[in-house]
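> Structure for this input, please:
(2 chains)
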Amino acid sequence: ILNVEQSPQSLHVQEGDSTNFTCSFPSSNFYALHWYRWETAKSPEALFVMTLNGDEKKKGRISATLNTKEGYSYLYIKGSQPEDSATYLCAFLSGGYQKVTFGTGTKLQVIP
Amino acid sequence: DVKVTQSSRYLVKRTGEKVFLECVQDMDHENMFWYRQDPGLGLRLIYFSYDVKMKEKGDIPEGYSVSREKKERFSLILESASTNQTSMYLCASSWRTGLGGYTFGSGTRLTVV
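Residues are numbered from 1 along each chain as shown, chains lettered A, B, ... in the order given. Presented below is the predicted three-dimensional model:
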């Protein structure tokens, strides 16, 4: 089983603050990295699919970067809002679509 | 709106019962997956299928089997439910390459008593 780590496990931020968290994965045999947002009582929802070293993706106030050589990806949220409260999961795909390992997630709570 | 539908949101079963969890997707995706989610352990892959009648073991297949007779349907079977199989079960589907991301169902919370 591959080691995919996310940090921090949880964090609380004030509304309007910007925040970021990390997904670390093995630097060999990289295929793709996914980010998901998982709100309570809902299904995980895909945010980004990243495949190339140096990739940067953006969706509204949320953006992500990817460094495959050193094995990490950052997710940034600018000006956090209460509706951003969720668990953010990364998924590491190695050697093709068949081998997928999820991190344990970062639980974000945005305080109004 | 694309969808992955899991047949039950909550399920309570007795130890030793045979349990079927059903998942249906309407996106014509080739790949389908079953995960379980436990606190502190993240999502762990039980089985996946990349085509009709094809299946591959994931990281924790013991105590489970699967069936994919039609492209849109992927069933998870607990042959003899045990209390350590109490968990949240999530079904997902994707295109063959996985590069479009996964679409998840809303989950089935199974309690085995």
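> Can you pull out the low-pLDDT segments for the chain?
As the question left the chain open, I've gone with chain A. Segments of chain A classed as low confidence (criterion: pLDDT under 70) are A:1, A:96-98.
> hm, I was asking about chain B
Residue ranges of chain B with pLDDT under 70: B:1-2.
> beta partners for the residue nearest to the spatial centre of chain B?
Chain B has residue B:34 as the residue nearest its centroid, 2.8 Å off, counting by C-alpha atoms, centre = their mean. As for beta bridges, residue B:34 partners with residue B:47, residue B:91 under DSSP bridges.
> Once you drop chain neighbours, what's closest to residue B:60?
Using C-beta to C-beta, 6 or more residues apart in numbering or on different chains and skipping residues adjacent in sequence, the residue nearest residue B:60 is residue B:44, 5.2 Å away. Any C-beta I mention is one placed from the backbone N, CA and C, and that applies to glycine too.
> Can you name the next helix or strand after the helix or strand harbouring the one you found?
Assigned by DSSP states H and E, residue B:44 belongs to strand B:42-49. Note on strand B:42-49: by DSSP H and E, the next helix or strand toward the C-terminus is strand B:56-57.
> Who does the helix or strand following that following strand pair with, and is each partner parallel or antiparallel?
Counting by DSSP H and E, the next helix or strand C-terminal to strand B:56-57 is strand B:64-70. Sheet pairing of strand B:64-70 (DSSP bridges) gives strand B:73-78 (antiparallel).
> what angle sits between the partner strand and strand B:42-49?
Orientation of strand B:73-78 against strand B:42-49 (axes from the mean of the first three to the mean of the last three C-alpha atoms, to 10 degrees) gives an angle of 120 degrees.
> Contacts only, for residue B:112.
Under the criterion of C-beta atoms under 8 Å, 6 or more residues apart in numbering or on different chains, the contact list for residue B:112 reads B:12-15, B:17, B:19, B:81-83, B:85-86.
> thinking again about what came up before, then the strand holding residue B:44 to CSV, C-alphas only?
As requested, C-alpha coordinates have been extracted for strand B:42-49 and formatted as CSV (Å, rounded to 0.1, in the frame of the first residue of the first chain):
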residue,chain,number,x,y,z
GLY,B,42,-9.3,7.4,4.8
LEU,B,43,-10.8,5.7,1.8
ARG,B,44,-9.6,2.1,1.2
LEU,B,45,-10.2,0.2,-2.0
ILE,B,46,-12.0,-3.1,-1.7
TYR,B,47,-12.5,-4.1,-5.3
PHE,B,48,-12.6,-2.4,-8.7
SER,B,49,-13.8,-3.4,-12.2
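> from the contacts of residue B:112, which two are the most distant?
Spatial extent of these (C-beta to C-beta) is set by the pair B:12 and B:82 at 14.1 Å.
> Distance check, the closest residue to residue A:39 other than its chain neighbours against chain B.
Once its chain neighbours are removed from consideration, residue A:39 has its nearest residue in residue A:86; the separation is 4.5 Å (C-beta to C-beta, 6+ apart). Relative to chain B, residue A:86 is positioned 13 Å away (C-beta to the nearest C-beta, to the nearest Å).
> ok so, going back, so what's the gap between the strand holding residue B:44 and the chain middle?
With C-alpha atoms, centre = their mean, to the nearest Å as the basis, strand B:42-49 stands 7 Å off its chain's centre.
> list the helices and strands it packs on?
Secondary structure elements in contact with strand B:42-49, counted by 3 or more C-beta pairs under 8 Å, 6 or more residues apart in numbering or on different chains; DSSP states H and E, are strand A:86-94, strand A:99-102, strand B:31-38, strand B:56-57, strand B:64-70, strand B:73-78.
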